[in-house]
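Undergrad: coordinates only, sequence not included:
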Ligand SMILES: NC(=O)C1=CN([C@@H]2O[C@H](COP(=O)(O)OP(=O)(O)OC[C@H]3O[C@@H](n4cnc5c(N)ncnc54)[C@H](OP(=O)(O)O)[C@@H]3O)[C@@H](O)[C@H]2O)C=CC1
Ligand SMILES: O=C(O)C(=O)Cc1ccc(O)cc1
């Protein structure tokens, strides 16, 4: 098949679409593609999930459920693997040899080095490789979000077919190579997740929900984003974050630098090195934000206040709220500076909603000179947040160590422990976080 197909085509000339792995992302794709009029969608998950999947899909006549990936691979013109990155090699080794002659194969994994290896090793040479990656979570609308398209081993017509098949997602297509993808996602996703994971671990180690702290410490727009996104991440599947951090060799370096930045800044804070701290923070600010000082502010803080978990203060940020050192944000900007990363470059191309919010709050702090100065002073002089900052440094180093050692087991345990702490608030945070992301994406704040 070399003509770009359309859901308006008669069913018998439509491409057969195969989805292997019907978890969150597989189901999202199946739902959107079926709703758009693609009529020949063949799917499978693990054999153990076959009966449940059949029940779940019984209302949708255009979706046929199979017991395993052999059946899907043999008949499909385009096959998309949406399985755990950690397992991609094993799954492609199993079903790859059953791929239909001339089929186009892609994967949804968040880290591409293992996927590329698996495809090159196990797919027959008479198949094409065009991979994808939706740069957003499964509960976000696909519309307008970045969708990476990787034309790796394929004629141009095959890439165009994939783009036509996925057109109903209404995402913004970005063509990258496998290697470019892993560098971009290490810069945007992996190190951002390390920051939010560390915040969550620090709060859970202190045994107190930050928005319910005795002194009502965590209030206001910046804190709202920190809390909502950290909880959102902990309500997702651990393997998504483990895979993209542990299996991406570039990500390890970034996460290690983030932990180093947090540690060194904290050392300056507790040793009373105010001048040295200020010099370092300003140098990082000038490097990261200097060339982007005219960039419009991404967030309006007062709007973010609407999305606060728990009880909102009567009128905005209470005046008596002590200043926060914002160690996590100082460390992020220090880390970007140390690695020579310009986050605004990624913002224009391949930013996930979470990355956009993260740069947004960094910008909120760093573009406001008096506020940044208060954060520096608070870091050195005010002990209100010192316990939390200490926990944050310990957490950041712990996550970095876990990723450096490549331990999926430890990652799952660390993630599970913190996740359990926040679980009672997942529902509230998912709804608030979802609305907050929509507001930011629609440019309302
Ligand atoms: N969630 C997210 O925010 C995003 C995730 N991604 C990536 O997409 C991929 C899928 O993620 P997501 O959908 O969230 O994860 P899920 O865990 O929800 O889905 C993965 C599915 O694959 C199934 N599976 C595992 N092995 C096989 C097999 N041999 N044959 C068929 N099915 C199998 C799993 O079954 P079981 O659970 O029973 O093991 C599970 O149902 C990952 O690589 C992830 O990194 C990309 C963008 C966003
Ligand atoms: O936006 C984020 O960073 C998320 O946490 C959601 C997410 C997770 C994994 C992906 O591969 C893409 C998006």
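TA: Alright, I've got the coordinates. The structure presented is a predicted model; accordingly, all values stated were derived computationally and were not measured. Ligands and ions are numbered 1, 2, ... in the order given.
Undergrad: Roughly how far does the residue nearest the centre of the chain sit from residue 63?
TA: Taking C-alpha atoms, centre = their mean as the criterion, residue 189 is the residue nearest the geometric centre of the chain, at 5.1 Å. Distance check for residue 189 against residue 63: by C-beta to C-beta, to the nearest Å, it reads 30 Å. C-betas here are computed from N, CA, C, even on glycine.
Undergrad: near ligand 1, which residues of the stretch 151-300 of the chain show up?
TA: 236, 237, 240, 243 (C-beta under 6 Å from any ligand atom).
Undergrad: Please go through those residues and note which also touch ligand 2.
TA: Counting by C-beta under 6 Å from any ligand atom, the members of these near ligand 2 are residue 240.
Undergrad: where does the chain come near ligand 2, residue by residue?
TA: By C-beta under 6 Å from any ligand atom, the part of the chain that sits against ligand 2 consists of 110, 135, 136, 137, 189, 233, 240, 244, 352, 353, 354.
Undergrad: So which of the residues you listed are in helices?
TA: Mapping those onto helices (DSSP state H) picks out 233, 240, 244, 353, 354.
Undergrad: nearest spatial neighbour of the second one, skipping sequence neighbours?
TA: For residue 240, the nearest residue in space outside its immediate sequence neighbours is residue 110; the separation is 6.2 Å by C-beta to C-beta, 6 or more residues apart in numbering.
Undergrad: So what's the residue count around that neighbour?
TA: Neighbourhood size, residue 110 [other C-beta atoms under 10 Å]: 25.
Undergrad: Return the distance of it relative to residue 440.
TA: Distance from residue 110 to residue 440, counting by C-beta to C-beta: 21 Å.
Undergrad: for residue 431, same thing?
TA: Here residue 431 is placed at a distance of 15 Å from residue 440 (C-beta to C-beta).
Undergrad: Residue 392 too?
TA: Taking C-beta to C-beta, one finds residue 392 at 24 Å from residue 440.
Undergrad: the more surrounded of these two?
TA: Using other C-beta under 10 Å as the criterion, residue 392 and residue 440 rank with residue 392 on top: 25 against 21.
Undergrad: Give me the three-state assignment for that one.
TA: Following DSSP: H, G, I helix; E, B strand; the rest coil, we place residue 392 in the helix state.
Undergrad: Run through the residues that contact it.
TA: Each residue near residue 392 by C-beta atoms under 8 Å, 6 or more residues apart in numbering is listed here: 198, 199, 202, 262, 266, 327, 328.
Undergrad: Going by distance to residue 36, which of these wins?
TA: Residue 36 has its nearest neighbour among the contacts of residue 392 in residue 199, at 38.3 Å by C-beta to C-beta.
Undergrad: since we're on the nearest residue to the closest one once chain neighbours are set aside, how many residues are nearby?
TA: With C-beta to C-beta, 6+ apart as the criterion, residue 199 has its nearest non-adjacent residue at 4.8 Å, and that residue is residue 230. Using other C-beta under 10 Å, residue 230 has 27 other residues around it.
Undergrad: Now do the same contact list for residue 230.
TA: For residue 230, the contacting residues are 196, 197, 199, 200, 203, 422, by C-beta under 8 Å, 6+ apart.
Undergrad: Just flag the most distant two among the contacts of residue 392.
TA: Greatest spacing in the contacts of residue 392, by C-beta to C-beta: 199 and 266 (14.2 Å).
Undergrad: If we only consider the contacts of residue 392, which is nearest to residue 211?
TA: Closest to residue 211 out of those is residue 199 (12.5 Å), distances taken as C-beta to C-beta.
Undergrad: From residue 234, how far off is that closest one?
TA: Residue 199 is 10 Å from residue 234, by C-beta to C-beta.
Undergrad: ok, now residue 336?
TA: Counting by C-beta to C-beta, the gap from residue 336 to residue 234 is 24 Å.
Undergrad: again with residue 270
TA: For residue 270, the distance to residue 234 equals 28 Å [C-beta to C-beta].
Undergrad: With neighbour numbers in mind, choose between the two.
TA: Counted by other C-beta under 10 Å, residue 270 and residue 234 do not tie: residue 234 has more neighbours, with 25 against 14.
Undergrad: nearest spatial neighbour of the more buried one, skipping sequence neighbours?
TA: Nearest residue to residue 234, sequence neighbours excluded (C-beta to C-beta, 6+ apart): residue 419, at 4.4 Å.
Undergrad: confidence score at that neighbour?
TA: You'll see residue 419 listed with a pLDDT of 97.
Undergrad: cool, and residue 311?
TA: Looking at residue 311, the pLDDT reads 61.
Undergrad: same thing with residue 442?
TA: pLDDT, residue 442: 73.
Undergrad: Distance-wise, check it relative to ligand 1.
TA: From residue 442 across to ligand 1, the span is 20 Å (C-beta to the nearest ligand atom, to the nearest Å).
Undergrad: just residue 108 next, same as before
TA: Going from residue 108 to ligand 1 by C-beta to the nearest ligand atom gives 4 Å.
Undergrad: what residues are up against that residue?
TA: 21, 25, 26, 29, 80, 81, 82, 132, 133, 134.
Undergrad: Among the residues you listed, which are located in helices?
TA: Using DSSP H, the contacts of residue 108 in helices are 25, 26, 29.
Undergrad: Is it correct that the first one is in contact with residue 138?
TA: In this case it means residue 25. Yes. The criterion here is C-beta atoms under 8 Å, and residue 25 meets it with residue 138 at 5.6 Å.
Undergrad: Run a quick neighbour tally on the closest residue to ligand 1 within the stretch 201-350 of the chain.
TA: Residue of the stretch 201-350 of the chain nearest ligand 1, by C-beta to the nearest ligand atom: residue 240 (4.4 Å). Applying other C-beta under 10 Å, we find 22 residues neighbouring residue 240.
Undergrad: Tell me the pLDDT of it.
TA: Per-residue confidence (pLDDT) for residue 240: 97.
Undergrad: What of residue 29?
TA: At residue 29, the model reports a pLDDT of 98.
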